[in-house]
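>>> give me the fold of what follows.
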Amino acid sequence: MGIYGLSNTWGHLFGLPHIGAEYTDYGSGAYRLLDGERCVACQRQATNVHHVVPKSVAKVAFIGDAMLRSPLFALCGSGTTGCHGGFHGGARYKARWEWDSPEYEERWWDGRLLDMLGPHSDDLFGYGEYVVDDRVLDEEIHIRAR
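Coordinates of the predicted model:
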């Protein structure tokens, strides 16, 4: 499974929930960090927004007619420092989504969950979670919701 033209590594993340950030203009892709948010990885004060799918991979993807964007994570640091730097290049952190059941994943890909909840809905946390692999500490961070 995947979104046409993208590898499963990145394609399956489009349209999933944001954590601590949001698009302010979904059509243009403008976004912002939500007030008072904590870093997804270390829980320090978040200072920046990270596109989970690198903008160099793709800015939008589609399931049927639904336009999907990369999920956004609130992180500390910049693209070269703090946890934000740890996500860039996959040096330390790598995020993935795990569905609670194969049935939920099938409902996402055939569009039933997307039609019911819409893209980036927090209600998707009722069907799965983010798992962030910390390659330095050899640990997983499980994120069900914020």
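
>>> so what secondary structure elements neighbour the lengthiest helix in the chain?
In the chain, with assignment by DSSP state H, the single longest helix is helix 102-109. Helices and strands touching helix 102-109, by 3 or more CB pairs under 8 Å, 6 or more residues apart in numbering; DSSP states H and E, are helix 112-117. In this view, the C-beta of every residue, glycine as well, is placed from N, C-alpha and C.

>>> adjacent strands (with direction) for whichever helix or strand comes after the helix it packs on?
Sequence order places strand 128-134 as the next helix or strand after helix 112-117, per DSSP states H and E. Neighbouring strands of strand 128-134 in its sheet, by DSSP bridges, are strand 93-99 (antiparallel), strand 139-143 (antiparallel).

>>> pull out the buried positions in the shortest one.
Right, strand 139-143. Neighbour counts over strand 139-143 (16 or more other CB atoms under 10 Å) mark 141, 143 as buried.

>>> CA atoms only for it - export them in CSV, please.
Provided in CSV are the C-alpha atoms of strand 139-143 (Å, rounded to 0.1, in the frame of the first residue of the first chain):
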residue,chain,number,x,y,z
GLU,A,139,14.0,3.3,22.9
GLU,A,140,10.5,4.0,21.4
ILE,A,141,8.3,6.9,22.3
HIS,A,142,4.6,6.0,21.9
ILE,A,143,2.3,9.0,21.3
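
>>> so what touches it?
Residues lying outside strand 139-143 but in contact with it, judged by CB atoms under 8 Å, 6 or more residues apart in numbering, are 19, 40-41, 129-134.

>>> kindly give a single PyMOL line that selects the buried subset of these.
In PyMOL syntax, the buried subset of those is picked out as below (16+ other CB under 10 Å):
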select buried, resi 19+40+41+129+130+132+134
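
>>> now the contacts of strand 139-143 as a markdown table including distance to residue 54 and pLDDT?
Listed next are the contacts of strand 139-143 as a markdown table, based on distance: CB to CB, whole Å; pLDDT from 0 to 100:
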| residue | distance to residue 54 | pLDDT |
| --- | --- | --- |
| 19 | 17 | 96 |
| 40 | 16 | 95 |
| 41 | 17 | 95 |
| 129 | 22 | 97 |
| 130 | 16 | 97 |
| 131 | 18 | 96 |
| 132 | 16 | 95 |
| 133 | 16 | 95 |
| 134 | 19 | 96 |
